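K.L.:
build me a model from this:
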Amino acid sequence: MKTPEAIQQLARFLDDERGEPTKEQKDRYIKWAQEQSSKSDFPFVAHGQGLCYDMVGFLDFALEDDSPVLDLRKANGGFLADVIAARKRLKTWWASDASLKYRQPPAAQLAPEPVPPKIDMKEWLKAYQAKKSTAAPSSQQNAPQTTSDSPSWLLWGGGALTVVCIVWLSSQRKV
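P.N.:
Numbers count the residues shown, from 1 in each chain. From the prediction side, this is the model:
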C-alpha cells in the first residue's frame, strides 16, 4: 500500500469536491447540530461525504510514519478525527518538495533480457528424427486395430429401428 503509485492515486482525490455540501447545507448541518446538542449528550457535526475527505484517512494510512498528519492521529489515540485540518495539511504537503518521491517516482528499471539460447537446428533435427523413429514401432504395436466396417452395423440397425417405429406409429393412427 505504501507504493508511490498507490499514494499518487490517493492524493489525486484531495482536490475532488464531489459530495462536498454547499454553504447552505453546511449552515443547515450546524444549525441541526446545535439543536441536537441541547437535546442530547452527543453533539455530532459531520463533514461532507466528499471524496476529498474520505481519502484523507486512506492517504494517512498509506503513508504510515511519513504522514504529515501523524501528530493529529496520535493525539486522538490512533484515529484521525479532524479530517478538515488534516486535508489542508495533506494538500500543503503534497504541493511541497517533501512529497516529491511520491509525485515523481523513479523510472522503473527493466530487468535485462536474457540471451536467447543457441540451438543447432541440424543436431536437434537429427535427435528428433532418431527419437521419432525409435518411438514409432512401439506406438504402432500398442495401437488398437480398428476397422472402418465395425460401426456400420450400428447405422443400419438404427435406421431399421427408425423405419419400424414409423410404420408402427402410422398403423396405430386412427383415420
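
K.L.:
and residue 12, how close does it get to residue 58?
P.N.:
The gap separating residue 12 from residue 58 is 12 Å, by C-beta to C-beta, to the nearest Å. For glycine as for every other residue, the C-beta is placed from the backbone atoms N, C-alpha and C.

K.L.:
repeat that for residue 123.
P.N.:
Distance check for residue 123 against residue 58: by C-beta to C-beta, it reads 59 Å.

K.L.:
of these two, give the one with the bigger neighbour count.
P.N.:
residue 58 (16 against 9; other C-beta atoms under 10 Å).

K.L.:
show me what the helix or strand in which the more buried one is found is packed against.
P.N.:
Residue 58 is part of helix 51-63, with elements assigned from DSSP states H and E. Helices and strands touching helix 51-63, by 3 or more C-beta pairs under 8 Å, 6 or more residues apart in numbering; DSSP states H and E, are helix 4-11, helix 83-95.

K.L.:
wait, which of those helices is closest to residue 73?
P.N.:
Evaluated over the helices and strands packed on helix 51-63, closeness to residue 73 peaks at helix 83-95, with 8.3 Å, by C-beta to C-beta.

K.L.:
state the mean pLDDT of that closest one.
P.N.:
Taken as a whole, helix 83-95 carries a mean pLDDT of 85.

K.L.:
which positions in it come out as buried?
P.N.:
Within helix 83-95, the residues scored as buried using 16 or more other C-beta atoms under 10 Å are 83, 86, 87, 89, 90, 91, 93, 94.

K.L.:
name the residues that touch it?
P.N.:
Residues from elsewhere that reach helix 83-95 (C-beta atoms under 8 Å, 6 or more residues apart in numbering): 11, 14-15, 47, 52-53, 56-57, 59-60, 68-69, 72, 80, 99, 103.

K.L.:
going by distance to residue 164, which of the residues you listed wins?
P.N.:
residue 57 (79.6 Å).
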